[in-house]
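# Quick check, what structure comes out for this input:
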Amino acid sequence: LINGSGGWPLSIFLTPDLCPITGGTYFPPTDRWGMPGFKTILNKVAQKWVTSREDLTETGLSVIEAIKKSVSQKRVDGDTDDNPMTIEEKFEQAVKIYKRAFDPEWGGVNNAPKFPEVSKLNFLFHTFVQSKDKEVLDIVLNTLDKIANGGIHDHVFGGFARYSVDRKWHVPHFEKMLYDQGQLLIAYSNAYKVTKNFKYLDIADKTFKYLTKDLYHAIGGGFYSGEDADSLPTSESKEKIEGAFYAWDYDEIEKLFKENSEKFSSQNAFEIYVHHYDVREEGNVEPASDPHGHILGKNILFVNGSIEETAETFDLNSETVASILSTGNSILHEAREKRPRPHLDRKIITSWNGLVLSGISKLACIRDAPNREEYLKVAKKQIDFIRENSFDSDAKKLLRACYGEGDNNEMTSKTDKPIYGFLDDYAFLIKGLIDYYVATLDNSVLYWAKELQELQDELFWDEKHGGYFYSEAAQSDVIVRMKEGECGVRN
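Numbering: from 1, shown residues only. Alright, predicted model coming up:
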């Protein structure tokens, strides 16, 4: 509305009355690439505020009115008052859109960057269950296979980065977000339930292990928001580099294998490992995927085949190859743990924890799951943590987040002025509680889910038009109550 474009990351400048006066997507720290730097923008806005305050305020008010008008007139494509689409028609329309946008070679959508967009994948799983449309199932499984093979998946220890900068899922934006882990836990659990292929169960289990090691407030039981993309290449480095924690030199891997040769039964374990993960002496990162040159000459582990194909190449059985890869990943993980870690975001967000609760509970519903008792133990501890730290029993409302504190994250804290939950905090937590009930038949959890649902209806339901607003009616810092259909950052 302000400049005809939008995107992420979003920077909006507001008046003290919260009217938007200007904004944009990415601004570099300093002027470069033909773009004004963030400092330049700040100075210009400050100067304009001094010299033309009334004009800026008028602009902000007009933007607010345009937003209100847009919200009141918003309709689904093809949906009018005279010819409303049925639920079935909207369902079929969504499936057609996903089929049309599908990349048959690499999965996901047809362009880059590629986000997992897991909510769409889980929607398609439900579509397959209802329709038995084999094409839909192939779309989902192909996408999950390519994601699992790609560099977006941390082959060394598990977990997934936020998105891939290329079409092949090879080079990721290395930030690991909690919401992706939770939703992908659900997706790979669903994939196992449909196919009974243990590779999906193994991926889900490794994601759980990543969560409980690197994103876990172990003393309390909640999960942190994520890990940054950049980190120091060495403890002596002065500047952080994106991907430094995850990228590998060919020689570095070779040296680690030689130093641990006694752990392998095969004499050519290193050759097998670098073949399977496409590790090259010159590095496997294409310049187009790394325009700043941070990780050129290095390798991001990437599978362009399967264990069975690697076994055939080296005339071995699949079990031997799988053992070599597992041992190799353990060796690399031990070495990687000595590197400076990316920054940990210690916010414990209620909605994202709800997604993880769903993922762990779905995994625990699988009879063949290797660590079912541990899944249930962690899920129950998480529920107790949320009830203790993220629910205001006096106000009878969820909090948006709490925070891990202390050198060993032994404490939690909250903001002095409570920030109460939004719609997704209630919806995702309720769903997680119901999924946990299905796994355990714990009635107390079901009762709390019912209580939260009643609160959600009271706080967010639109009595006039139906549907749920994202924010409460009484929220003084919300100018226009919106109904969000999807997240703008594709989670």
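
# Show me the shaky parts of the stretch 51-200 of the chain.
The model of the stretch 51-200 of the chain has pLDDT under 70 over residues 71-83.

# where exactly do the strands run in it?
163-164, 172-173, 176-177 (DSSP state E, counting those that start in this stretch).

# right, and these - which one's nearest Lys362?
strand 176-177 (18.6 Å; CB to CB). Placement of C-beta: from N, CA and C, glycine included.

# Now for the residue most central in space within the chain: which residues touch it?
Of all residues in the chain, the one closest to the mean position by CA atoms, centre = their mean is Asp180, 2.5 Å from it. Counting by CB atoms under 8 Å, 6 or more residues apart in numbering, Asp180 touches 116, 118, 160-162, 491.

# one step back: please name whichever of the strands of the stretch 51-200 of the chain is nearest to Leu399.
The nearest among these, by CB to CB, is strand 176-177 at 20.0 Å.

# which stretches of the stretch 51-200 of the chain form helices?
53-73, 87-101, 118-131, 134-149, 178-195, 198-214 (DSSP state H, counting those that start in this stretch).

# winner for burial among those?
helix 178-195 (a mean of 24; mean count of other CB atoms under 10 Å).

# between that helix and helix 198-214, what angle do the directions make?
160 degrees (axes from the mean of the first three to the mean of the last three CA atoms, to 10 degrees).

# Relative to Tyr210, how far out is the residue nearest to the centre of the chain?
Separation of Asp180 from Tyr210 (CB to CB, to the nearest Å) stands at 11 Å.

# And Glu282, by the same measure?
In terms of CB to CB, Glu282 sits 30 Å off from Tyr210.

# do the same with Phe128
Distance from Phe128 to Tyr210, by CB to CB: 27 Å.

# Equivalent analysis for Ser131, please.
The value you get for Ser131 to Tyr210, if CB to CB is used, is 34 Å.

# Name the helix or strand for Leu363, please.
helix 350-364 (DSSP states H and E).

# same check, this time on Glu388
Here Glu388 is assigned to helix 372-389, by DSSP H and E.

# What is that helix packed up against?
helix 198-214, helix 350-364, helix 423-440 (3 or more CB pairs under 8 Å, 6 or more residues apart in numbering; DSSP states H and E).

# Figure out how far it is from the centre of its chain.
Distance of helix 372-389 from the chain centroid (CA atoms, centre = their mean, to the nearest Å) equals 21 Å.

# now it and helix 350-364, what's the angle there?
Using the same axes, to 10 degrees: helix 372-389 against helix 350-364 is 160 degrees.

# tilt between helix 372-389 and helix 423-440?
Going by the same axes, to 10 degrees, helix 372-389 makes 140 degrees with helix 423-440.

# neighbouring contacts of the very next helix or strand once past helix 372-389?
Following helix 372-389 in sequence order, the next helix or strand is strand 391-392 (DSSP H and E). Defining contact as CB under 8 Å, 6+ apart, one finds that strand 391-392 is touched by 397-399, 418, 420.

# what's the span of stretch 450-468 from first residue to last?
End-to-end span of stretch 450-468 (CA to CA, to the nearest Å): 17 Å.

# Any buried residues in it, and which?
452, 455-456, 459-460, 468 (16 or more other CB atoms under 10 Å).

# of all those, which comes closest to Arg341?
The closest of the buried residues of stretch 450-468, once distances to Arg341 are taken by CB to CB, is Leu452, at 34.9 Å.

# That closest one against Leu429, yeah?
Yes. Using CB atoms under 8 Å, Leu452 is in contact with Leu429, at 6.5 Å.

# who touches both of these two?
Leu398.

# Please save the CA atoms from stretch 315-326 in PDB.
C-alpha atoms of stretch 315-326 as PDB (Å, rounded to 0.1, in the frame of the first residue of the first chain):
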ATOM      1  CA  ASP A 315      29.700 -53.400  -4.300                       C
ATOM      2  CA  LEU A 316      28.600 -53.500  -0.700                       C
ATOM      3  CA  ASN A 317      25.400 -54.200   1.100                       C
ATOM      4  CA  SER A 318      23.200 -51.300   2.200                       C
ATOM      5  CA  GLU A 319      23.700 -52.100   5.900                       C
ATOM      6  CA  THR A 320      27.400 -51.600   5.600                       C
ATOM      7  CA  VAL A 321      27.100 -48.300   3.800                       C
ATOM      8  CA  ALA A 322      24.500 -47.100   6.300                       C
ATOM      9  CA  SER A 323      26.900 -48.000   9.200                       C
ATOM     10  CA  ILE A 324      29.800 -46.100   7.500                       C
ATOM     11  CA  LEU A 325      27.600 -43.000   7.000                       C
ATOM     12  CA  SER A 326      26.300 -43.100  10.500                       C
END
